[in-house]
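I need the structure of the sequence given here:
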Amino acid sequence: MSNDAIERGLNHEEFEREDLSPKGIYLFLVGLVVLCVVAYFAVDGVYTVMDAYMRKHQPALNPLVTSANPNTRVVTQTDVRSFPEPRLETDERNEIYNFRLQEEQKLHSYGWVDQNAGIVRIPIDRAMELIAQRGLPTTPQAGTVPPSTVNMTKKAAASANKK
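All right, here's what the predicted structure looks like:
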């Protein structure tokens, strides 16, 4: 290429002049940062106003509350015991651990569910063995009479009379 072509702007190593200029990109990024800062302070202001409104319109404390600081709504440990069941959990991990231990103990032991009705609880392993041996109870099909002692007696008497 000759020097004359370079002077006239025919150099193939140049970039297109119609592309987006770096100045436009920098202005966009600065505008984005300014917009984020403005949004942060706007949201912070909204929360400050809402917090002040909630403090102003909060209902009065119950006169039975005997707290050293009347502006707090913290319930002490002694007050918690007077609440009716169910209460909020204070130590979830230990409470669920104890609950699971009780459930496991029930699943793997014998015991009465209702002694007056004669309903017992058996270990789950034994229950699965019994179901494997005996099968699941089935419901009679429509139109059939379920077996009863009266029907079985009638059938036995009818078969005895035929002989």
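
Could you use CA atoms for every contact and neighbour count after this?
Fine.

just checking, what packs against the one helix or strand Leu35 maps to?
Here Leu35 sits within helix 22-56, counting by DSSP states H and E. Applying 3 or more C-alpha pairs under 8 Å, 6 or more residues apart in numbering; DSSP states H and E, we find helix 22-56 packed against no helix or strand.

All further residue positions should be reported with the first residue as 24.
Yes, from this point I'll number from 24; that puts the last item at helix 45-79.

pLDDT of that helix, averaged?
Averaged over helix 45-79, pLDDT sits at 95.

Buried residues in that helix, which are they?
Within helix 45-79, no residue counts as buried by 16 or more other C-alpha atoms under 10 Å.

burial count for Met131?
Met isn't right for residue 131; it's His. As a burial measure, His131 scores 14 neighbours (other C-alpha atoms under 10 Å).

give me phi/psi at the closest residue to it other than its chain neighbours?
Using C-alpha to C-alpha, 6 or more residues apart in numbering and skipping residues adjacent in sequence, the residue nearest His131 is Pro146, 4.3 Å away. With angles defined as degrees, to the nearest 10, Pro146 sits at phi -60, psi 150.

Cross-check the contact I'm expecting between Pro146 and Tyr133.
Yes. The pair Pro146 and Tyr133 qualifies as a contact (C-alpha atoms under 8 Å) at a distance of 6.0 Å.
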